[in-house]
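1. sharing a model prediction with you, sequence too.
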Amino acid sequence: MISFQKSKTAWGQLYKDYVTAPKNPLRGFETIALSKPVQRDQVKMAVNFYSGAAPTGASFEVRMELDGQVYAKRYSLSATQGNRGQDAVSVLTTGSTSKYTMRIDPRTIASP
């Protein structure tokens, strides 16, 4: 699993991990680059609202590049504050639901 706790593995690397949101939201991407080819249906992906406050919930965009084409999809979490990742592993491994963490099926982002 690649995360801020383990930013580099044999599968890839997390290149950015923001502790606070950048002032320019266009530069606010956290980037994970995979170093080995993978099938989309084998990738498990989750996003956690780790810390901070968002009075109306947190929204974010996930982008994927496949074969030189970039695909994007917007999501939102209903949590108004972060939970420091307390349920992230559980959501990722079991598929349980949470207002803090969302498991994302990469096949719903990119449909070449």
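-> Perfect, thanks for sending it. Numbers count the residues shown, from 1 in each chain.

2. what's the spacing between Leu92 and Val70?
-> Separation of Leu92 from Val70 (Cβ to Cβ, to the nearest Å): 24 Å. All C-beta spots, glycine's among them, are computed from the backbone N, C-alpha and C.

3. what does Ser3 give?
-> Separation of Ser3 from Val70 (Cβ to Cβ): 23 Å.

4. who's more crowded, the two?
-> Neighbours per residue (other Cβ atoms under 10 Å) separate Ser3 from Val70, with Ser3 holding more: 17 against 9.

5. would you check that the more buried one makes contact with Leu14?
-> Yes. Between Ser3 and Leu14 there is a contact at 6.9 Å, judged by Cβ atoms under 8 Å.

6. which residues in the protein form helices?
-> For the chain, the helices defined by DSSP state H occupy 88-94.

7. any weak-confidence spans in it?
-> Filtered on pLDDT under 70, the chain yields the residue ranges 17-28, 111-112.

8. tell me which residues form a beta bridge with the residue nearest to the spatial centre of it?
-> The C-alpha lying nearest the average C-alpha coordinate of the chain belongs to Val47 (Cα atoms, centre = their mean; 3.6 Å). Val47 forms beta bridges with Met102, as assigned by DSSP bridges.
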